[in-house]
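# Return a 3D structure for these sequence lines:
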Amino acid sequence: METVSFADLAPILATVLGPVLAFAVASMRYQHIDSTKTRDLIEERSRENRDLVEERSRENRDLVEERSRENRDLIDRNRDLIEKCSRENRDLIKQYTRENRDLIEQYSQETIGSLGEVRERLTRIEVRIFPPPSHDDEAEAA
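Numbers count the residues shown, from 1 in each chain. Purely as a prediction, here's the structure:
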């Protein structure tokens, strides 16, 4: 068997390993460039998303504040309306209470007057049924 020296194998090894090594280096470089681009895209989208979230949060906060302000205004207006209606109701109750009291008083006076008339009529009826004793009857009884 003949011994082959490294010098004899070098061109063969270079011919076989050279393209494999070149392919591996090219593949690593391509992967590095691709991962760098991917990282840059991720960072860019992340930044855009962060900005968008902050913008939307700010818009939402502004909308919430505006709606809260509107709600407070509506609550104040409703409270004022309730107080106004309550005042009007109290005034109406006082007015109708006074009117009812006056009507009750008037009807009481009319009833009392009617009772007086009824007494007079009853008295007249009793006098007709039982005529009062005459003066002559009184003298005889004495």
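
# Can you show me the helices along this structure?
Ranges of helices within the chain are 6-129, 135-141, based on DSSP state H.

# Now the last one: average pLDDT?
The pLDDT scores in helix 135-141 average 59.

# what's the burial count for residue 67?
10 (other C-beta atoms under 10 Å). All C-beta spots, glycine's among them, are computed from the backbone N, C-alpha and C.

# going forward, begin numbering at 53 instead of 1
Fine by me, first position is 53 from now on; the one you just mentioned is residue 119.

# I'd like the distance between it and residue 113.
11 Å (C-beta to C-beta, to the nearest Å).

# centroid residue for the protein?
With distances taken as C-alpha atoms, centre = their mean, residue 123 lies nearest the centre of the chain, 7.9 Å away.

# Residue 164: how many residues sit nearby?
Residue 164 has 9 nearby residues by other C-beta under 10 Å.

# Equivalent analysis for residue 115, please.
For residue 115, the neighbour count with other C-beta under 10 Å is 10.

# per-residue confidence at it?
96.

# residues contacting it?
Residues near residue 115 by C-beta atoms under 8 Å, 6 or more residues apart in numbering: none.

# next one: residue 158
Applying C-beta under 8 Å, 6+ apart to residue 158 gives no contacts.

# how close does it sit to residue 165?
11 Å.
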